[in-house]
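K.L.:
whatever this is, show me its structure:
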Amino acid sequence: MTGERICVIPGSFDPVTNGHVDIIRRAAELFDKVYAAVFDNSAKQTMFSPEERLEMLRLACADLDNVTADATSELIADYAGRKRAGFLVKGVRGMTDYEYEHNLFFANREISKNKIETIFFPSKTEYMYLSSAFVREMIKYKRDISTYVPLKTAEFVEKWVEKQV
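P.N.:
Residues are numbered from 1 along each chain as shown. Got it, this is the predicted structure:
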């Protein structure tokens, strides 16, 4: 054990939002190393490919020296173990998010043989309504998303939309 405090922030990041970046920044202040990792959630239908989501995440985290944007198809607990992370950080907007993530907490503890703790970061008030699903709807209806996502993400999405036509 290196003594480093390492965490993984898993998400589908489809696309990465200002709420996601806020959680990543807050974790970066507490941990020595943060892996913000694009995971595929079989329960979700994504708009962007894993490679596109990873690129948006990289752009959003580019100014954070101790944050690495990554992608994997592994189980979260296996990925965290491979990265020597003792913590998962999850953002929660309300009780529905908390209940869902709380159940995953138990599963990840079981899979990791009690080596992974989950830390819940409550969403800041200004991001409580914000979700990737909401942003995808705005994209679908060709609405401005610049107040919901980082600038570089908005630029990426704008170019992506142009390619779709």
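K.L.:
in the top helix by length along the chain, what's buried?
P.N.:
Longest among the helix segments of the chain by residue count, using DSSP state H, is helix 95-111. Buried residues in helix 95-111, defined by neighbour count with 16 or more other C-beta atoms under 10 Å: 97, 101, 105, 108, 109, 111. (Glycine included, C-beta is placed from N, CA and C.)
K.L.:
next SSE downstream of the lowest-mean-pLDDT helix or strand in the chain?
P.N.:
Least confident element among the helices and strands of the chain, by mean pLDDT, DSSP states H and E: helix 95-111 (a mean of 83). Downstream of helix 95-111, the first helix or strand assigned by DSSP states H and E is strand 117-122.
K.L.:
what is that following strand packed up against?
P.N.:
Counting contacts by 3 or more C-beta pairs under 8 Å, 6 or more residues apart in numbering; DSSP states H and E, strand 117-122 packs against helix 18-30, strand 87-92, helix 95-111.
K.L.:
nearest to residue 158, of these?
P.N.:
Distance to residue 158, taken as C-beta to C-beta, is lowest for helix 18-30 among the helices and strands packed on strand 117-122, at 16.4 Å.
K.L.:
okay, the angle between the closest one and strand 117-122?
P.N.:
130 degrees (axes from the mean of the first three to the mean of the last three C-alpha atoms, to 10 degrees).
K.L.:
got a list of contacts for helix 18-30?
P.N.:
Residues from elsewhere that reach helix 18-30 (C-beta atoms under 8 Å, 6 or more residues apart in numbering): 5, 7, 9, 11, 13, 34, 36, 60-61, 64, 66-67, 89, 91, 93, 121, 123-124, 127, 130-132, 147-150.
K.L.:
narrow those residues to those that are buried.
P.N.:
A residue is treated as buried here by neighbour count (16+ other C-beta under 10 Å); on that basis the buried members of the contacts of helix 18-30 are 7, 9, 11, 13, 34, 36, 60-61, 64, 67, 89, 91, 93, 121, 123, 127, 130-132, 148-150.
K.L.:
so what's residue 2 scoring on pLDDT?
P.N.:
In the prediction, the pLDDT value recorded for residue 2 is 55.
K.L.:
correct me if wrong: residue 46 contacts residue 13.
P.N.:
No. Using C-beta atoms under 8 Å, residue 46 and residue 13 do not qualify as a contacting pair, with a distance of 9.4 Å.
K.L.:
in helices, which of the buried ones among the contacts of helix 18-30 fall?
P.N.:
60, 61, 132.
K.L.:
much appreciated, bye for now.
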